[in-house]
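>>> sequence and predicted model, in that order:
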2 protein chains.
Amino acid sequence: MSTNKIMPDELRRHPLFGGLDNDQLAQLMETARVIQLDEGQQLFQCQQEARQFFMVRSGTIRLFLSAPDGAEKVIHLIAAGETFAEAITFMEGQIYPVNASALDACEVLAFSNKAYRTILHSSTDTCFRLMADMSKWLKRQITDIDALTLQNATLRFTNYLLHQVPAGTEHEVAITLGAPKNVIASRLSIQPESFSRILRNLQSEGHITVDGNVIYIKDINTLGQ
Amino acid sequence: MSTNKIMPDELRRHPLFGGLDNDQLAQLMETARVIQLDEGQQLFQCQQEARQFFMVRSGTIRLFLSAPDGAEKVIHLIAAGETFAEAITFMEGQIYPVNASALDACEVLAFSNKAYRTILHSSTDTCFRLMADMSKWLKRQITDIDALTLQNATLRFTNYLLHQVPAGTEHEVAITLGAPKNVIASRLSIQPESFSRILRNLQSEGHITVDGNVIYIKDINTLGQ
């Protein structure tokens, strides 16, 4: 393990630190340190007293539980730029609920829970800035999940269409839907409103034309990729 | 607009309220009210003073901006169970940055920013419980985004395979990959580690068998659905 310099800018991007002013950030950084981990090296053990929370700078951290028979269950993989074990900072019982070890060679920043709590306790304004940041971050993630869910549903539908393409088709083809649109949507686990949005999007992007229950595919080789 | 009863249980599930004790929740609910909106009815206007934040009980709320030419840009659609405009509660300038109107008939709970701020200001413990809840919620969403991203990548890959299926194939088929796996992964915008995980998952679920650069598909009609 070696200690390197931590730059304020690498922290500011994260909602946990974005709400801190310069003095508060400097105060926290004084108690922080850089930890180098080899592949497989353990960072902390389940049930160990939790005095620090962490941010991955490079590599991947594996959070896992060990079963009595020795088998391991991976709970989460933490990538660069992500923090972990910070929720414990805000709680009463300060015990790590999982094990953490390095999946590959890792560099991790460790922050003192006590220093972070002291900063937040001394300033409700800082708590409020942190909560505003977290709240905005939550909103962005909901939007991301929404977009991914729709993309996923779009791929399921294009997959469904490609399964109906007759043998020997080169590019263009007309597919007659064998069931009402709401039945197809339900079979593919797509909400009716999302299904309408998918048809509209695929049409406006020029991939398909919809005419009643007939779908004209412009090019089967570009649909769904 | 009519006023109905708000139940503590419908609030507790949301991270903004989960950290409040019974007295604090009762205190907040005293200042809260239920708003009924007809389809298209406006809830607040951009630049209006923000005195309340909201939770959708039923229907969908549309957050949008109006361009000078009268065109509207939808920023976000808020579904039942979701809150909106709560980040403003934690900020200095209390102005709504967007317009909000009902996409369809909606029931919305309105909470007083002032009452919520007073509760949080009077108790750092409550702030800490709220931050712990938000932090756990953020983690869950990261896991969701991760899972959705992998599902998406899996669908892109199965789509890619289905495109190579020769005309007239009934069920089983062997596809010889025309490029090294890392090239295919990159072409499909899939991280190499995710690509390995996808191949492993599809194998363990019995959909495919991988032998070098040959992929045996068990049944083209069930792959990717």
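It's in. Numbers count the residues shown, from 1 in each chain, chains lettered A, B, ... in the order given.
>>> who does the nearest residue to residue A:57 once chain neighbours are set aside bridge with?
Of all residues beyond its chain neighbours, the one nearest residue A:57 is residue A:107 (4.2 Å), with distances taken as CB to CB, 6 or more residues apart in numbering or on different chains. C-betas here are computed from N, CA, C, even on glycine. When assigned by DSSP bridges, residue A:107 has beta-bridge partners residue A:36, residue A:58.
>>> what's the burial count for residue A:107?
17 (other CB atoms under 10 Å in any protein chain shown).
>>> ok, it - contacts?
A:34-37, A:56-59 (CB atoms under 8 Å, 6 or more residues apart in numbering or on different chains).
>>> buried subset of those residues?
Buried members of the contacts of residue A:107, counted by 16 or more other CB atoms under 10 Å in any protein chain shown: A:35-37, A:56-57, A:59.
>>> so residue A:138 lies in a helix, does it not?
Yes - Residue A:138: assigned to a helix according to DSSP: H, G, I helix; E, B strand; the rest coil.
>>> can I see the domain layout of chain A?
Domains of chain A are assigned by automatic domain parsing as A:8-122, A:142-217.
>>> is the shortest one positioned near chain B?
Yes - shown here: domain A:142-217 in contact with chain B (CB under 8 Å from any CB of the partner chain) through A:142-145, A:148-149, A:151-152, A:155-156, A:158-160, A:162-163, A:167-169, A:188.
>>> now these: which count as buried?
By 16+ other CB under 10 Å, the residues of domain A:142-217 next to chain B give A:142, A:144, A:148-149, A:151-152, A:155-156, A:158-160, A:162-163, A:188 as buried.
>>> what's the helix or strand for the residue most central in space within chain A?
Note on chain A: the residue nearest the mean C-alpha position is residue A:141, at 7.9 Å, using CA atoms, centre = their mean. Under the criterion of DSSP states H and E, residue A:141 resides in helix A:124-164.
>>> could you do residue A:117 as well?
According to DSSP H and E, residue A:117 maps onto helix A:113-121.
>>> distance of the residue nearest to the centre of chain A relative to chain B?
Distance from residue A:141 to chain B, counting by CB to the nearest CB, to the nearest Å: 4 Å.
>>> can you pull the contacts of the closest residue in space to that residue that isn't next to it in sequence?
Spatial nearest neighbour of residue A:141, excluding adjacent residues (CB to CB, 6+ apart): residue B:141 at 4.3 Å. When contacts are counted by CB under 8 Å, 6+ apart, residue B:141 touches A:138, A:141-142, A:145.
>>> so who does the residue of chain A most remote from its centre touch?
For chain A, the largest distance from the centre (CA atoms, centre = their mean) belongs to residue A:168, which lies 40.9 Å off. Going by CB under 8 Å, 6+ apart, residue A:168 touches B:167-168.
>>> apply 10 Å and report the result again.
Taking CB atoms under 10 Å, 6 or more residues apart in numbering or on different chains, we find residue A:168 in contact with B:166-168.
>>> where's the dip in pLDDT among the residues you listed?
Ranked by pLDDT, the contacts of residue A:168 bottom out at residue B:167 (72).
>>> and the helix holding residue A:117, what other elements does it pack with?
helix A:22-30, strand A:52-58, helix A:124-164, helix B:124-163 (3 or more CB pairs under 10 Å, 6 or more residues apart in numbering or on different chains; DSSP states H and E).
>>> angle of that helix against helix A:22-30?
170 degrees (axes from the mean of the first three to the mean of the last three CA atoms, to 10 degrees).
>>> if we can go back for a sec, list the contacts of the helix or strand following the helix holding residue A:141.
Using DSSP H and E, the helix or strand that follows helix A:124-164 in sequence is strand A:173-176. For strand A:173-176, contacts defined as CB under 10 Å, 6+ apart pick out A:160-166, A:169, A:208-209, A:211-220, A:223.
>>> just how off-centre is stretch A:21-39 within its chain?
Distance of stretch A:21-39 from the chain centroid (CA atoms, centre = their mean, to the nearest Å) equals 24 Å.
>>> same deal with stretch A:98-107?
Worked out by CA atoms, centre = their mean, stretch A:98-107 lies 18 Å from the chain centre.
>>> picking up where we left off before, name the nearest of the buried ones among the contacts of residue A:107 relative to residue B:74.
Top of the list for closeness to residue B:74, among the buried ones among the contacts of residue A:107 and by CB to CB, is residue A:56 at 35.3 Å.
>>> show me the contacts for that closest one.
Each residue near residue A:56 by CB under 10 Å, 6+ apart is listed here: A:77-84, A:102, A:106-109.
>>> buried sites along stretch A:181-189?
For stretch A:181-189, burial by neighbour count (16+ other CB under 10 Å) applies to A:181, A:184-185, A:188.
>>> wait, residue A:91 touches residue B:128, no?
Yes - assessed by CB atoms under 10 Å, residue A:91 is found in contact with residue B:128 at 7.7 Å.
>>> higher neighbour count, the two?
Taking other CB under 10 Å, residue A:91 and residue B:128 do not tie; residue B:128 has more neighbours (19 against 16).
>>> dump the residue contacts of the more buried one.
Going by CB under 10 Å, 6+ apart, residue B:128 touches A:89-92, A:117, A:120-121, A:127, B:19.
>>> and residue A:125, what pLDDT?
Listed pLDDT for residue A:125 reads 85.
>>> tell me the spacing between it and residue A:19.
Separation of residue A:125 from residue A:19 (CB to CB, to the nearest Å) stands at 9 Å.
>>> show me whatever sits in contact with both of the two.
In contact with both residue A:125 and residue A:19: residue B:90, using CB under 10 Å, 6+ apart.
>>> more neighbours: the two, which one.
residue A:19 (23 against 13).
>>> out of the contacts of strand A:173-176, which end up buried?
Buried members of those, counted by 16+ other CB under 10 Å: A:160-163, A:165, A:208, A:215, A:217-218, A:220, A:223.
>>> from those residues, pick the one nearest chain B.
Comparing the buried ones among the contacts of strand A:173-176 against chain B with CB to the nearest CB places residue A:162 closest, at 5.3 Å.
>>> isn't that closest one right next to residue A:215, touching?
No - under the criterion of CB under 10 Å, residue A:162 makes no contact with residue A:215, lying 11.4 Å away.
>>> so the closest residue to residue A:188 other than its chain neighbours versus residue B:47, what's the distance?
Distance criterion CB to CB, 6+ apart; nearest residue to residue A:188, sequence neighbours excluded, is residue A:156 at 4.8 Å. Look at residue A:156 and residue B:47: by CB to CB, they are 41 Å apart.
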